[in-house]
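Enquirer: what's the 3D shape of this:
(4 chains, ligands or ions: 2)
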Amino acid sequence: MTDGLDVAALRADFPILGRTVRDGKRLVYLDSGATSQRPRQVLDAEREFLEQHNAAVHRGAHQLAEEADEAYEGARSRLAEFVGVDAGELVFTKNATEGINLVAYALGNAATAGPEAHRFVVGEGDEIVVTEMEHHANLVPWQELCKRTGAKLRWFGVTDDGRLDLSNLDDLVTERTKVVAITQQSNVVGTVNPVARIAARGREVGALSIADSCQSVPHSKVDLRSLGVDFAVFSGHKMLGPSGVGVLYGRRELLETMPPFLTGGSMIESVFMDHTTFAAPPQRFEAGSPMSSQAVGLGAAVDYLSVVGMDRVAEHEHSLTEAALRGLAEIPGVRVIGPTEAVDRGGAVSFVIDGIHPHDAGQVLDDEGIAVRVGHHCAWPLHRRFGVPATVRASFYLYNDLDDVASLLDGIRTAQKFFRVG
Amino acid sequence: MTDGLDVAALRADFPILGRTVRDGKRLVYLDSGATSQRPRQVLDAEREFLEQHNAAVHRGAHQLAEEADEAYEGARSRLAEFVGVDAGELVFTKNATEGINLVAYALGNAATAGPEAHRFVVGEGDEIVVTEMEHHANLVPWQELCKRTGAKLRWFGVTDDGRLDLSNLDDLVTERTKVVAITQQSNVVGTVNPVARIAARGREVGALSIADSCQSVPHSKVDLRSLGVDFAVFSGHKMLGPSGVGVLYGRRELLETMPPFLTGGSMIESVFMDHTTFAAPPQRFEAGSPMSSQAVGLGAAVDYLSVVGMDRVAEHEHSLTEAALRGLAEIPGVRVIGPTEAVDRGGAVSFVIDGIHPHDAGQVLDDEGIAVRVGHHCAWPLHRRFGVPATVRASFYLYNDLDDVASLLDGIRTAQKFFRVG
Amino acid sequence: MQLQQMYQEIILDHYKNPHRRGLREPFDAESFQVNPTCGDEVTLRVKVSGDTVEDVSYEGQGCSISQASTSVLTDLVVGGSVDKALSTMDAFIELMQGRGQVEPDEDVLEDGIAFAGVAKYPARVKCALLGWMAFKDAVAKSGGSTEGAS
Amino acid sequence: MQLQQMYQEIILDHYKNPHRRGLREPFDAESFQVNPTCGDEVTLRVKVSGDTVEDVSYEGQGCSISQASTSVLTDLVVGGSVDKALSTMDAFIELMQGRGQVEPDEDVLEDGIAFAGVAKYPARVKCALLGWMAFKDAVAKSGGSTEGAS
Ligand SMILES: Cc1ncc(COP(=O)(O)O)c(C=O)c1O
Ligand SMILES: Cc1ncc(COP(=O)(O)O)c(C=O)c1O
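Expert: Residues are numbered from 1 along each chain as shown, chains lettered A, B, ... in the order given. Ligands and ions are numbered 1, 2, ... in the order given. A predicted model of the protein is given here:
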């Protein structure tokens, strides 16, 4: 490949990519937007931890416990470096969804917390601003917070070519705005949003900003500090890491005064029957036994990605996306939803085929060994916006190559033939 | 061993038990109450899933996704069978702590949910009853719910020998009681509580009951249905399974009308910008990408335990506990906190040594290769009750044997010698 | 290619030319069902007279499997007794949940036997059952019993 | 046995015979610190006159390490300037966080050098720092600066 990524060598690290599906077909995995596959290095790191150092984290004083603490906190530090923030500003969650819920519930809890939490209180008259292209994870928790507190939900619309309509930025984000929650990169149409600009407007009016970085951190170099957001979330399983672990970033100053969400062991300072005081962050937000081996695995994933180089990952995916968009444009009856040029755009490519329901198209692709996702991809409002009930989505990662793109295009033609359309 | 458990053979399944600590000492792992170790079978099951079947669960239609769904739901079924309930009544959480928070928050959300959730509403005048021996995980979430709703927290006391004082059962659990939350087995003093009796009283007065089964499900045969509780929680990592996965049981009828907690992808029915409807349980309570490989690993853990047989596990631990209690009673200056006889009592044995702070005792034991836990074990109020700031806790599991007990007793004598006491 | 097994001609015919499509009056009960994974939807109405299913009308969007199975459903139940409709439904559900191991009875399921291949694809079983779930729900709402229906 | 390295005689002496223990009046500021993992607690008061740390008094419960290090703390800071106390604190913190790689300076840390062995046990470092965290907090509350203290 011209971008210098040795995909064949990388693929050898991913055992699952060597398997076949549906009667011996080569697996063409184009569903990394849903979940990525894991390289041997991540599996090995987790196993080594479990076979040599496993113990309860932050609760023990024996040697295994010391080693487990060190592995867990070491992973936090490497992740922090990976996204350009301090280790104390990262909270381990079970997935990105929990991270967003954490912030939404903590805000809801501020009303009955101490005076230090005053700035987090949400109530009637307040507004929360999202976008029409959010994943349900960054929409429903805010709907629910509004329902509980009486705040009002507002949102940015989406243009016909799948970009955020920011023409009313100053009308939407105002002194009434408490939170602006935006995806950094759409998991459906691939659009990369100008989060820094929106966060800056939020800062101007005193609103908290939160970036859903689920689809950006795995695929490009992200520096959360320079992005200027107050919070951000991402998930381990989408970036070569284990399932069951995600990350919430919060600016130190905010985490220090924000009320807790989940409560229980390890997040306390002192506990009495009638009251409890809480530990400093990040511990305050990590109740219960943590996903220790998963954090270790995620640390190894970050090491793996760093060795490859995030700029090269992004460049590589860019070339695949370009090829896919070009190829799709050439097939009659295929319509890409969202940006049709690979500008400010990541590698999630969603499309519809005239006369074939996405579910049926996906079935034919699956029969050819091509794993894509069909449906609304947890972004139902965005699909409504484009007047389609569902789409077919192909999403790329560092282990995909131009052959995979060619397989996808061939598969679409096969589907058209099978259903006698196009 | 007289109980017929071939511990040597079992130990061979646990790679970590073969390692040495502190300059070549044999590892004597007596901290399974905090977290258990994992057998090869569990590690292999998870790895096999990741190398062969990994895909986004409940979101895909391609072959890998089908296989992943099947593995994940298969694990749910095996767990359900293990604890005697239906698969649809089990919700996967990240740990037991999340499970308890889930119920507490769902109750808090009932006030702004639909009329079907009316029975879950908590407010002023309502009472929540816990015990003085709860783990923080089953105490702090209820304190917080009370803070948010104006309900009042009440609790059962603990007798001098570490049993629940139920003399005032009918005065504590009354028509005002909304929730009774009790640990089935203390993680500090090992006491097995008469949960069925307390839950029955709860039922009489219309209170919801929740059992913290973290220390019972891993160590004995538990039939949640016959226990008669409405909810129960336990954690994978304490029962040979992975970290990052726990289980909430809820009676079907309750899960069907209880409001959601975490919101986002996979737990919805339909999503619009201005409102959302929710899926049926258990999906309603599993927002975001789940801990898929961890659930699979937990399924394998349950298979492993089932082959050994939970009755034999319990019997084996009983004999170790008896030996430990007997041995500790023979060492001058050692005082066991909690029941000193192995009756209605599990294998968590906590004690203090005159003249040696638990932290210092733990250090000497660690130096001998013996991993115990020191501190308040996330049950600070119980320690206050016994007037001790901290204890040393040894906790047993199926891979421990009488040699481990002997090492513990020797280690205590060494500590007494080192600190010149006793 | 296993596809032919799944997409029998009968299915594609019902998909392209659905029977009894459209929402009609009068009706006794209506049910809206959605497959949250893919967004497929169906709104289905039943009209029951005495013990007879007099009409089933529906509207929806979805894949060939969900649309065709709803079309077949109307063929199977309209004009027959509610009891027979429910036992047909049970047979269809059993077929779909049988993972390809259940031998369909053509006398009972008629065109419905074409869905036997779908049963091998767990992710598509929900598609095939979408209309039936709406029917079950609508019958229950109309006062017909769905006892015994799994 | 590595234990002897950790539990130096100096530490055990301070533990058995702690210096300046007890809470005394008058004082300018008080701090309560707790180690949430193990429940060790200390309440510590400082009395500052001009630029001088006139008294440090304390009460608490905890292991030998936390108790002894608080006793040593009082030896090191009482009677000296606040600035010197804070730079001594920095040196002690550096030693404790050095994982056994930092060479302690006896001129600065006196009996404090006995804690060098503790630095190899990450779980015990917090014990050794408990009293110092209380001191830092109390000095800050009393109006003394803790700038530069890490
Ligand atoms: C009795 C009891 N309850 C609750 C918990 C919390 O479990 P987890 O930390 O896995 O959420 C534990 C273990 O830490 C426990 O022993
Ligand atoms: C943009 C975006 N946000 C949020 C999520 C939710 O992530 P998770 O399911 O890991 O919590 C996803 C993935 O599902 C996503 O693509």
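
Enquirer: got the contact list for the residue in chain C that chain B sits nearest to?
Expert: The nearest approach of chain C to chain B comes at residue C:123, 3.9 Å away (CB to the nearest CB). C-beta: built from backbone N, CA, C; applies to glycine. Residues in contact with residue C:123, defined by CB atoms under 8 Å, 6 or more residues apart in numbering or on different chains, are B:60, B:61, B:65, B:66, B:69, C:37.

Enquirer: the second one against residue A:374, yeah?
Expert: When you say that, I think you mean residue B:61. Yes. In this structure residue B:61 lies within contact range of residue A:374 using CB atoms under 8 Å: 5.8 Å.

Enquirer: so what sits against both of the two?
Expert: A:359, A:362, C:38.

Enquirer: give me the distance between the first one and residue C:16.
Expert: So the one you mean is residue A:359. For residue A:359, the distance to residue C:16 equals 16 Å [CB to CB, to the nearest Å].

Enquirer: which stretches of the stretch 251-400 of chain A form helices?
Expert: For the stretch 251-400 of chain A, the helices defined by DSSP state H, counting those that start in this stretch cover A:252-257, A:292-308, A:310-329, A:358-367, A:380-385.

Enquirer: can you list the low-confidence ranges for chain C?
Expert: Within chain C, the stretches with pLDDT under 70 are C:1, C:144-150.

Enquirer: mind running it again at 50?
Expert: Residue ranges of chain C with pLDDT under 50: C:147-150.

Enquirer: relative to ligand 1, which residue of it is the closest?
Expert: Nearest residue of chain C to ligand 1, counting by CB to the nearest ligand atom: residue C:36, 28.7 Å away.

Enquirer: thinking that residue is in contact with residue B:279, fair?
Expert: Yes. The criterion here is CB under 8 Å, and residue C:36 meets it with residue B:279 at 5.5 Å.

Enquirer: overlap in contacts, these two.
Expert: Contacts common to residue C:36 and residue B:279, judged by CB under 8 Å, 6+ apart, are B:268, B:269.

Enquirer: what about residue C:129, which helix or strand?
Expert: Following DSSP states H and E, one finds residue C:129 within helix C:122-142.

Enquirer: in the stretch 201-350 of chain A, which spans are strands?
Expert: A:208-212, A:231-235, A:246-250, A:268-271, A:276-278, A:334-337, A:348-353 (DSSP state E, counting those that start in this stretch).

Enquirer: chain C now?
Expert: Using DSSP state E, the strands assigned to chain C run over residues C:29-35, C:40-49, C:52-61.

Enquirer: pipe those strands into TSV and attach mean neighbour count and distance to residue B:422 per row.
Expert: Shown next, in TSV, are the strands of chain C (neighbours: other CB atoms under 10 Å in any protein chain shown; distance: least, CB to CB, whole Å):
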stretch	mean neighbour count	distance to residue B:422
strand C:29-35	19	69
strand C:40-49	21	73
strand C:52-61	20	79
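
Enquirer: with adjacent residues omitted, what lies nearest to the residue of the stretch 301-422 of chain A found nearest chain D?
Expert: Nearest residue of the stretch 301-422 of chain A to chain D: residue A:303, at 21.7 Å (CB to the nearest CB). Sequence neighbours aside, residue A:78 is the residue nearest to residue A:303 in space, at 6.7 Å (criterion: CB to CB, 6 or more residues apart in numbering or on different chains).

Enquirer: what's the pLDDT at that neighbour?
Expert: Confidence at residue A:78, expressed as pLDDT, is 98.

Enquirer: for residue A:305, see how far away it is.
Expert: Counting by CB to CB - residue A:78 and residue A:305 are separated by 11 Å.

Enquirer: which one of those two has more residues nearby?
Expert: residue A:305 (22 against 18; other CB atoms under 10 Å in any protein chain shown).

Enquirer: so who does the closest residue in space to residue C:18 that isn't next to it in sequence touch?
Expert: Closest residue to residue C:18 apart from its sequence neighbours, by CB to CB, 6+ apart: residue C:71 at 4.2 Å. Residue C:71 makes contact with C:14, C:15, C:18, C:19, C:20, C:21, according to CB under 8 Å, 6+ apart.

Enquirer: let's go with 7 Å and repeat that
Expert: C:14, C:18, C:19 (CB atoms under 7 Å, 6 or more residues apart in numbering or on different chains).

Enquirer: likewise residue A:358?
Expert: With contact taken as CB under 7 Å, 6+ apart, residue A:358 is in contact with A:352, A:374, A:390, A:391, A:392.

Enquirer: residue numbers of chain C in contact with chain A?
Expert: C:1, C:2, C:3, C:6, C:37, C:38, C:39, C:61, C:62, C:63, C:64, C:127 (CB under 7 Å from any CB of the partner chain).

Enquirer: before we move on, back to that, out of the helices of the stretch 251-400 of chain A, nearest to residue D:45?
Expert: helix A:252-257 (25.7 Å; CB to CB).

Enquirer: CA atoms of the closest one as CSV?
Expert: Provided in CSV are the C-alpha atoms of helix A:252-257 (Å, rounded to 0.1, in the frame of the first residue of the first chain):
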residue,chain,number,x,y,z
ARG,A,252,-9.5,17.8,36.6
GLU,A,253,-11.1,20.9,38.0
LEU,A,254,-14.6,19.4,37.1
LEU,A,255,-13.9,15.9,38.4
GLU,A,256,-12.8,17.4,41.7
THR,A,257,-16.2,18.9,42.5
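
Enquirer: which outside residues touch that helix?
Expert: Applying CB under 7 Å, 6+ apart, the contact partners of helix A:252-257 are A:86, A:88, A:89, A:116, A:117, A:230, A:281, A:282.

Enquirer: any idea of the mean pLDDT in that helix?
Expert: 98.

Enquirer: now it: buried residues?
Expert: Going by neighbour count (16 or more other CB atoms under 10 Å in any protein chain shown), the buried part of helix A:252-257 is A:254, A:255, A:257.

Enquirer: and whichever residue of chain C sits closest to chain D, its phi and psi?
Expert: Closest residue of chain C to chain D, CB to the nearest CB: residue C:36 (41.6 Å). The phi/psi pair for residue C:36 (degrees, to the nearest 10) reads phi -60, psi -20.

Enquirer: mind splitting chain A into its structural domains?
Expert: Following the TED database, chain A resolves into domains at A:7-30+A:309-419, A:44-306.

Enquirer: would JSON lines of those with distance to ligand 1 be doable?
Expert: JSON lines is the format used below for the domains of chain A (distance: least, CB to the nearest ligand atom, whole Å):
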{"stretch": "domain A:7-30+A:309-419", "distance to ligand 1": "27"}
{"stretch": "domain A:44-306", "distance to ligand 1": "3"}
